[in-house]
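In: pasting a predicted model and its sequence here:
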Amino acid sequence: MRARDVLRLALLGLRENPLRTGLCALSVAVGTGALLLIASIGLFGQTQVESGLRTLGVSGLTVYLDERGAGNALSAELADAMERAVSDIDTLMPIKAKAGSVRAGHTTENAMFLGADERLGQVMQLEMVAGTLLDAAAAEAARPVAVVGDDLARALYGRDNIVGRQIRVRMDGQDQYFTVCGVVKAQTGALGGALAAIAPHLVYVPYSCLAARQDNADQVFVRCAAEADPSAVSGQITRYLTERGQVDGTVRVQNVSGMVDTVHRLANLCVMLFVAVGSITLCVALIGVLCSMLAAAHEKTGEIGIFLALGAQPRDIRRIFLMQSMLLCALGGLCGLAAAAVLLYGGARLLLPGWTLCAALLAAAVLCGGAAGLLPAVRAARLDPIDAMRK
């Protein structure tokens, strides 16, 4: 039997009982549509998490002292000595943090000021909007320059590029004017509402503007060498600070890259769980298709016997039922995907799925339709022509 004849007979079989065909297609449409909705929401959440982690710009290791006593401090000088002593450290940068406010004109914004140096761009992954980061000359001379986020730039001046503009900084009850040398993508949006309420903006200034190099640093950001094991580097840092640095306090080393990887894995797991939940709806729909095809095969027992008596082969019967089941699922899948896409477009355009996902879901629906129609097709092909015509 030719493929054209198989397709024509499958379409005729669907048209013979339009109510059953419509209900089966509706169940498949609900299953595929729900699966697309759930997958789109999960993928959007995963994208938002990854975007937030990239915006943070922090990777590698962070080192700080817990329960610090009266002994040696984790100073910038000690951090530089540690960089020279630990071979698996690519580069590091001490950080000093102070809370304050920024004012320009009649606008005042709370901010967290982070003392950094010329290694800021090497240790942190910051996306430049305009200008440049801190340079060595500004860091050594304590030049009053600052790198601000684009959200702070818009809040103060109504635009992103404010390089060369002055801002009045208030820290420790004193005012000082800083010149903006660079603007980066805002970071605090990814840090959560608690920190955003205290310090909604991060401002990078030369480390020497906040503390002397002998003073205790709040944290030290460490970037490991390319092939180094972060856990091994963490142990080396701890041993150096306790044995040779003689710091007074508990050394804490956190693997930020490891935490980021963990968040990535959790996000992927959540997407897989969402898809698994949505797949249950599709599986229920396919059970309905299976029951429908079994009923159709039972009703067409006489016709199957006539086909076989006229010379049709069992494989032709199988092909007709498989084609009918796959067409049914393809019709339902297209309708379900179209309805879900309309809902996503009308509700939130950010959740619109890509063509790849839609094509994959449609192909999965068709393949599952073939699987659902396999049992009825095999049973129909095994009928004896004489017995089938008698029934």
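Out: Arrived safely.
In: ok, the residue nearest to Cys24 when sequence neighbours are not counted - how many residues close by?
Out: Nearest residue to Cys24, sequence neighbours excluded (Cβ to Cβ, 6 or more residues apart in numbering): Ser292, at 4.8 Å. For glycine as for every other residue, the C-beta is placed from the backbone atoms N, C-alpha and C. Around Ser292 there are 23 other residues, counting by other Cβ atoms under 10 Å.
In: my guess is Ser292 contacts Ala25. True?
Out: No - taking contacts as Cβ atoms under 8 Å, Ser292 lies outside contact range of Ala25: 10.0 Å.
In: joint contacts of the two?
Out: Leu328 (Cβ atoms under 8 Å, 6 or more residues apart in numbering).
In: the residue nearest to Cys24 belongs to a helix?
Out: Yes - with DSSP: H, G, I helix; E, B strand; the rest coil as the criterion, Ser292 is assigned to a helix.
In: residues contacting it?
Out: Residues near Ser292 by Cβ under 8 Å, 6+ apart: 20, 23-24, 328.
In: what does stretch 365-375 contact?
Out: 28, 31-32, 282, 286-287, 289-290, 293-294, 321-322, 324-330, 332-333, 336.
In: narrow the residues you listed to just the buried residues.
Out: Among those, those scoring as buried are 28, 31-32, 282, 286, 289-290, 293-294, 321-322, 324-330, 332-333, 336 (criterion: 16 or more other Cβ atoms under 10 Å).
In: might you specify the subset of those located within helices?
Out: Among these, DSSP state H puts 28, 31-32, 282, 286, 289-290, 293-294, 321-322, 324-330, 332-333, 336 in helices.
In: quick revisit: how about the contacts of Ser292, which pair is most distant?
Out: Leu23 and Leu328 (10.4 Å; Cβ to Cβ).
In: mind listing what's buried in stretch 62-79?
Out: 62-65, 72-76, 78-79.
In: what about the stretch 151-300 of the chain, any weak spots by pLDDT?
Out: 188-199, 257-264 (pLDDT under 70).
In: quick one, strands of it?
Out: Taking DSSP state E, counting those that start in this stretch to define them, one finds strands in the stretch 151-300 of the chain at 166-171, 174-184, 202-206, 219-224, 250-255.
In: the ones you listed into CSV, with extra columns for distance to Gly370?
Out: As requested, the strands of the stretch 151-300 of the chain are exported to CSV (distance: least, Cβ to Cβ, whole Å):
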stretch, distance to Gly370
strand 166-171, 66
strand 174-184, 53
strand 202-206, 55
strand 219-224, 51
strand 250-255, 47
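In: sorry, back to before: just the buried residues of stretch 62-79 now: which is nearest Leu343?
Out: Thr62 (43.0 Å).
In: show me what whatever helix or strand the closest one lives in is packed against.
Out: In the assignment (DSSP states H and E), Thr62 maps to strand 61-66. Other helices and strands packing on strand 61-66, by 3 or more Cβ pairs under 8 Å, 6 or more residues apart in numbering; DSSP states H and E, are strand 219-224, helix 230-239, strand 250-255, helix 256-299.
In: what pairs with it, parallel or antiparallel?
Out: Sheet partners assigned to strand 61-66 using DSSP bridges are listed as strand 219-224 (antiparallel), strand 250-255 (antiparallel).
In: just the CA coordinates for it, please, in PDB.
Out: What follows is strand 61-66, C-alpha atoms only, in PDB (Å, rounded to 0.1, in the frame of the first residue of the first chain):
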ATOM      1  CA  LEU A  61      37.400  32.800  46.700                       C
ATOM      2  CA  THR A  62      36.600  35.300  49.400                       C
ATOM      3  CA  VAL A  63      38.700  35.500  52.500                       C
ATOM      4  CA  TYR A  64      37.800  37.200  55.800                       C
ATOM      5  CA  LEU A  65      38.400  36.900  59.500                       C
ATOM      6  CA  ASP A  66      35.700  35.800  62.000                       C
END
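In: C-terminal to that strand, what's the next element?
Out: helix 76-85.
In: what helices and strands are in contact with that following helix?
Out: strand 89-104.
In: any buried residues in the strand it packs on, and which?
Out: 89-90, 92-96, 98, 100-102, 104.
In: mind putting those residues into CSV with distance to Leu14 and pLDDT?
Out: Listed next are the buried residues of strand 89-104 as CSV, based on distance: Cβ to Cβ, whole Å; pLDDT from 0 to 100:
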residue, distance to Leu14, pLDDT
Ile89, 68, 90
Asp90, 65, 89
Leu92, 69, 92
Met93, 68, 91
Pro94, 72, 92
Ile95, 68, 91
Lys96, 73, 92
Lys98, 73, 91
Gly100, 72, 91
Ser101, 70, 92
Val102, 68, 93
Ala104, 69, 91
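In: how far is whichever helix or strand Leu375 is part of from where the chain is centred?
Out: Here Leu375, judged by DSSP H and E, is contained in helix 355-381. Put simply, helix 355-381 sits 30 Å off its chain's centre (Cα atoms, centre = their mean, to the nearest Å).
In: quick check: buried residues in that helix?
Out: Here helix 355-381 shows 357-358, 361-362, 364-366, 368-374, 376-377, 379-381 as buried, counting by 16+ other Cβ under 10 Å.
In: what angle do that helix and helix 256-299 make?
Out: With axes from the mean of the first three to the mean of the last three Cα atoms, to 10 degrees defining the directions, helix 355-381 sits at 30 degrees from helix 256-299.
In: for Asp215, see how far away Leu343 is.
Out: 57 Å (Cβ to Cβ, to the nearest Å).
In: over to Leu273?
Out: Counting by Cβ to Cβ, the gap from Leu273 to Asp215 is 48 Å.
In: of the contacts of Ser292, which is the nearest to Arg2?
Out: Nearest to Arg2 among the contacts of Ser292, with distances taken as Cβ to Cβ, is Leu328, at 21.4 Å.
In: excluding chain neighbours, what is closest to the closest one?
Out: Cys24 (5.5 Å).
In: and that neighbour, what does it touch?
Out: With Cβ under 8 Å, 6+ apart, Cys24 has these contacts: 285, 288-289, 292, 328, 332.
In: tell me which element it is part of?
Out: helix 18-56.
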